[in-house]
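Undergrad: I'll drop the sequence and a predicted model, then ask my questions.
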Amino acid sequence: MAELSENTLPKSIVIVKDNHGLAERLEEKLREKGIGVEIISTTEMPTSIPDTVVHLASTNERASLYDAVFSIQDLIKTFQERGKSSRLFAVTKNAQIVHQNDQENHIPGAVLWGVMRTLQNEFPELKPVTIDTDENTNADKIIQLLAQSDSYKEMAVRGEEVFVPVLKPITAHNEETHQLDTDGTYLITGGTSGLGLYFAEWLTTQGVKSLALVSRSGMKAETQAVVDRLKVNEVNIEVYAVDISNANALNTLVQDIESKQSEIKSVVHAAGVLDDGAFLNLTTEQFGKVLTPKINGAWNLHTYFKDRNLSNFILFSSAATVLGSAAQANYNAGNMVLDQLAQLRNAQDLPALSINFGNIGEIGLAAADIKRGERLKEQGMNTMSPDELSIYFKQVLDLQLTQCVLLDIDFKTWSESNEGIKDNHFYQYVLQVSEEKLESKTDNLPYTNKAGAVRYYKNAIKGMISKITKIPSSKIKGDATFKSIGIDSLMAVQLKNALQKESGLDLMVASIWTYPTVDKYTDFIVQELKIEDKTSSAVRIEDEVRNWTYTNKNAAVKDFKNILKEHISAITKIPSFKIKEDATFKSMGIDSLMAVQLKNKFQSEFGINIAVSSIWTYSTVEKYAQFIADELKINDLGNIHAESNSTQPANTAIQPELPFDTIEKQVDELSLDDLLDALDED
């Protein structure tokens, strides 16, 4: 159970109303505390941007699937247009299964939970919080939660108790603890391709002899190859083209399977569709395309088989939902419903397992889009091979959990690209975050005046765009529009989040299109930072000129070589003693972004103006040391003429970071390392 604290309530709140009086009760109590309140409907916008929005529409018993989702989308668009944002609280009712007493699951609320988890990473400036309530939750409790620490991103209220979800690593068992039931027929939806088909074939290695593979499209070439292979091994396998999101079609399908094959004893729901996009651009059609096969299919299967004595009811979900992957709000919403369905079945003493798969190579949904897989890898989520899955399937089933996350991830790297997981209680067991406060951007700025800031942010923006688009920063022109460079809506979110972190400003995605070039966005950033040409105490940096003493130019060059090697080593991670003086920078792996970093380090080290092009003109340690000595005008008498330029950025290494929280409810994560260790011990 979460420990609550008393923090300051916001001064102004907009409440998006429900239809059972909670909004009015909240308004009365908030006004008693001197807080300004405005109540609006899902189709209305606030008269002014408040400190906080409390969205209650999803608590309605007959709430439509998407009302709250698109109301929030419209609110964020309004924030963007007006250039100001509010903190966002979404309140749901019975959307989360916390304990055995929870015997119903409100699907529109679960959908909103999936969306809100996505917004934690797409719009971290909103500091999104989701609160699930029950029929006993009162207005006082919600007001108490509005004042909680930012680290609690998700909470569930049951009576007077507040529960919070956490992600915990677990260790796989060394010995087999659960014998897979091989009796009867395994019904596998989404079973004619990809992960579903791979799992079907794996089941036969465990002794399963009857498989019913179902999808809307039916037999495919890859399906036929597996069918032919398994029939040789005397597996009773049939393929059916049926849309199980239609309850009547499912009823007919089951009768057909059990007349041709045998009684269905296990169900695997592996159907899945992707239609990614930045949240602000997602349409009703995109939500429907992704959610219909997942939600309707899963719920129909649950309803049909809940009175059957099944051995297994397995749902294929996604780690993207657990992590709140940006640009996948619809996909995350659908999988959140699957996760909660598994929890509901468990509360009803029915068999259930939801597996949140990470990035699967070759057969996973991410494998169909090379760029998606590369983006995930850059953010710290490694690809698991199909061969690895054959090991992990058995281990996951042996653990007999209700929900299990299976992925290979570096959470520290992931946190650098996904702001929503930092300072988030949900990740406390898998991510070690320093308790020290981050240094304010105004405490040690790498420029002393407006001209220096313009240079700094121009280089920073180019570096970030280069990281996102893979275009060398040297080829990104200052007057080229972001769209012409290939920046799409998702990349705009990534760029906005990276710049927000770098500058310390609250930025809107819309600003990317309002100031659509590097030059214009640089001017916008500098203007928002209110940097004046006269150095103020807020941006004061002491000028420093090195006092080198050399007996001759050769001594200076020798020293400069060592300094250069240290900086190159810091950037490339190549030990300095392995860096040859006549090796080209390109041969060391230095790319255009590293060149900017290197140039900035040299610039700061030697206190002189240096162009990035000089890295390629004087392309070895030896040549560059000579170049520096010449620029510093070191003569053989040992004199150095070094001019400190107060307008020149100091320490401006660019390291762009991209975007693309009683008993705590636990979502268990199965560590690949733990599994491999366990297998080694066997």
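TA: Here it is on my side, so go on.
Undergrad: Can you tell me the SS state at Thr252?
TA: helix (DSSP: H, G, I helix; E, B strand; the rest coil).
Undergrad: Name the spans of this structure whose pLDDT lies under the cut-off.
TA: In the predicted model, the chain carries pLDDT under 70 at residues 1-7, 172-178, 364-372, 432-448, 532-552, 605, 635-682.
Undergrad: what residues are up against the closest residue to Ala327 other than its chain neighbours?
TA: Among residues not flanking Ala327 along the chain, Leu490 sits closest, at 4.4 Å (CB to CB, 6 or more residues apart in numbering). Backbone N, C-alpha and C define where each C-beta goes, glycine included. Applying CB atoms under 8 Å, 6 or more residues apart in numbering to Leu490 gives the contacts Asp276, Gly277, Ala278, Ala326, Ala327, Phe660.
Undergrad: Put the buried members of these into a ChimeraX selection.
TA: Here is the ChimeraX selection string for the buried members of these, based on 16 or more other CB atoms under 10 Å:
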select :276,277,278,326,327,660
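Undergrad: and which of the contacts of Leu490 is nearest to Asp559?
TA: Phe660 (42.8 Å; CB to CB).
Undergrad: related to what we said a few turns ago, did I read that right, the residue nearest to Ala327 in a strand?
TA: No: per three-state DSSP, Leu490 lies outside any strand segment and is helix.
Undergrad: Could you check how far it is from Ala460?
TA: Using CB to CB, to the nearest Å, we find Leu490 at a distance of 20 Å from Ala460.
Undergrad: shouldn't Val396 be in contact with Val405?
TA: No: at 9.9 Å, Val396 does not count as touching Val405 under the criterion of CB atoms under 8 Å.
Undergrad: These two - which one has more neighbours?
TA: Val405 (29 against 21; other CB atoms under 10 Å).
Undergrad: What helix or strand is that one located in?
TA: strand 403-409 (DSSP states H and E).
Undergrad: quick one: strands adjacent to that strand?
TA: Sheet pairing of strand 403-409 (DSSP bridges) gives strand 353-357 (parallel), strand 381-382 (antiparallel), strand 665-671 (parallel).
Undergrad: I'd like the distance from the shortest one to the chain centre, please.
TA: For strand 381-382, the distance between its averaged C-alpha position and the chain's averaged C-alpha position is 12 Å (CA atoms, centre = their mean, to the nearest Å).
Undergrad: which residues sit against it?
TA: Residues outside strand 381-382 that contact it (CB under 8 Å, 6+ apart): Ala319, Gly358, Asn359, Leu407, Asp408, Ile409, Asp410, Trp414.
Undergrad: List buried residues within those.
TA: Ala319, Gly358, Asn359, Leu407, Asp408, Ile409, Trp414.
Undergrad: From Tyr427, how far out is the spatially most central residue of the chain?
TA: By CA atoms, centre = their mean, the chain has its centre lying nearest to Ser325, at 3.3 Å. Per CB to CB, Ser325 is found 14 Å from Tyr427.
Undergrad: the helices in the stretch 501-650 of the chain, which residues?
TA: Taking DSSP state H, counting those that start in this stretch to define them, one finds helices in the stretch 501-650 of the chain at 510-514, 518-528, 553-572, 592-606, 613-617, 621-631.
Undergrad: who does the first one touch, helix- and strand-wise?
TA: Packed against helix 510-514, as judged by 3 or more CB pairs under 8 Å, 6 or more residues apart in numbering; DSSP states H and E, are the following elements: helix 489-503, helix 518-528.
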